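S.K.: generate a structure from the sequence data that follows.
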Amino acid sequence: MTMQDPRPDAPFYVVLNAGSGRTDTELRCTTIREVVEAAGRRCELEVVREGAKMPEAAAAVAARAARDGAVLVAAGGDGTLNAVAHEAVRHGCVFGVLPQGTFNYFGRTHGIPEDLGEAVHALLRSRVRHVQIGQVNGRSFLVNASVGLYPRLLEERENDKRQFGRSRVVALLSALKTALGRHRSLRIALELDGRTHRLRTPTLFVGNNRLQMEQVGMQPLDHAVQEGRLAAIAPRPVGRLRMLGLLLRGALGRLGETDDVVAFAFRGMTVRAPLLSGRRRVKVAIDGEVCRLELPLRFEALDGQLALLVADALEDSDASGKNRARAA
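M.R.: Below you'll find the model as predicted:
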């Protein structure tokens with residue numbers, strides 16, 4: 001069933017992560033309430049101060065939002081958005097976004113302002129657009145999911161952020177340090193389009209975000225999401241010097257120009273053992289959060305599953321662009 005726009009007086013139930021790189025939690029709460037209430041709408045705020053409690057809090061607020069016909073809103077980084085979006089899909093809620101993270105790939109892709117006040121104003125004039133999500137073993141992802149080096153990189157990045165502060169510079173320097181360190185290559189068996197392919201790589205990265213693909217220079221994979229697919233990137237095993245070259249190419253938006261990367265688009269793919277010999281579970285990074293999932297891993301693109309609130313002008317432009325892409 002296609003979800004329609006929320007009713008004009010629908011309240012906003014906001015799940016706000018107090019630990020998404022901001023210390024001014026009370027100011028953010030005040031800003032959200034003032035903008036929403038000035039528009040004559042009701043607002044409820046659930047502030048989550050511990051990341052481990054986010055899934056439980058998101059599920060509870062989503063259940064209330066579904067019962068009351070409210071818009072379920074996530075305020076935080078991509079990990080927070082993921083947790084709340086998962087519950088929005090599960091409970092059949094309209095989903096709103098207030099980006100408050102470091103990179104904000106999901107919000108920026110859909111034209112949602114990073115300034116909090118502007119983002120709340122945008123919610124008030126937005127309409128529902130049904131957007132694609134990715135899924136791995138039943139776990140939803142909005143931006144990306146990966147195995148191998150990338151989950152380790154995220155864990156190291158969180159450690160460095162706690163020590164040196166949350167910024168894009170700290171995140172990039174941390175990634176550089178981890179990528180150039182010692183790591184093992186994965187031996188992967190991929191089942192894709194009825195055929196089995198074997199691949200050796202330090203990390204398998206699966207993207208569901210056009211902006212991220214554009215930024216690293218992976219054309220034409222930046223169009224994959226608009227065409228109902230996911231994008232897979234797997235660097236070949238290389239030495240430190242060539243790995244540094246890959247990182248520089250990615251930073252300059254030229255990753256697609258090298259032969260040291262295997263890249264392809266797909267709608268469904270199964271990743272089977274051996275990933276790491278003898279292991280039944282593997283670390284998977286999902287929108288910046290690391291968890292352990294059972295093998296095999298099943299990746300799928302689920303088109304139109306998330307009812308996202310997006311400003312009218314962007315919705316019209318993107319919809320026409322997507323129709324042109326499919327027609328071509």
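S.K.: so Leu199 makes contact with Phe264?
M.R.: No. Distance between Leu199 and Phe264: 10.4 Å, which falls outside the contact criterion (C-beta atoms under 8 Å). Backbone N, C-alpha and C define where each C-beta goes, glycine included.
S.K.: what is in contact with the two at once?
M.R.: Common contacts of Leu199 and Phe264, defined by C-beta atoms under 8 Å, 6 or more residues apart in numbering, are absent altogether.
S.K.: low-scoring stretches of the stretch 101-250 of the chain, by residue?
M.R.: Applying pLDDT under 70 to the stretch 101-250 of the chain flags the ranges 160, 166, 168, 174, 178-179, 183, 220.
S.K.: go again with 50.
M.R.: Applying pLDDT under 50 to the stretch 101-250 of the chain flags no residue at all.
S.K.: so which residues of it form helices?
M.R.: 105-109, 116-124, 149-164, 168-179, 210-216, 240-251 (DSSP state H, counting those that start in this stretch).
S.K.: what average pLDDT does stretch 254-266 get?
M.R.: Stretch 254-266 carries an average pLDDT of 89.
S.K.: need the CA coordinates for it. CSV is fine.
M.R.: Once non-C-alpha atoms are left out, stretch 254-266 reads as follows in CSV (Å, rounded to 0.1, in the frame of the first residue of the first chain):
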residue,chain,number,x,y,z
ARG,A,254,38.4,9.7,-9.3
LEU,A,255,38.1,6.2,-7.8
GLY,A,256,36.5,4.9,-10.9
GLU,A,257,39.6,5.6,-13.0
THR,A,258,41.7,2.8,-11.5
ASP,A,259,41.9,-0.9,-12.3
ASP,A,260,42.5,-1.6,-8.6
VAL,A,261,38.8,-1.6,-7.8
VAL,A,262,36.0,-4.0,-8.7
ALA,A,263,32.6,-2.3,-9.0
PHE,A,264,29.2,-3.4,-10.1
ALA,A,265,25.5,-2.7,-9.5
PHE,A,266,22.9,-5.3,-8.4
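S.K.: which residue ranges make up the domains of the chain?
M.R.: 12-124, 140-303 (automatic domain parsing).
S.K.: tell me which of these lies nearest to Gln132.
M.R.: domain 140-303 (4.8 Å; C-beta to C-beta).
S.K.: coming back round to it: just the domains of the chain: most buried one?
M.R.: Scoring the domains of the chain by mean neighbour count under mean count of other C-beta atoms under 10 Å gives domain 12-124 as the most buried, with a mean of 20.
S.K.: possible to save the helices of the stretch 101-250 of the chain as TSV with distance to Arg28?
M.R.: TSV is the format used below for the helices of the stretch 101-250 of the chain (distance: least, C-beta to C-beta, whole Å):
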stretch	distance to Arg28
helix 105-109	15
helix 116-124	6
helix 149-164	19
helix 168-179	20
helix 210-216	24
helix 240-251	31
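S.K.: which one of those lies nearest to Arg33?
M.R.: Using C-beta to C-beta, those put helix 116-124 closest to Arg33, at 9.4 Å.
S.K.: and the closest one, what does it pack onto?
M.R.: helix 25-38, strand 71-76, strand 95-99 (3 or more C-beta pairs under 8 Å, 6 or more residues apart in numbering; DSSP states H and E).
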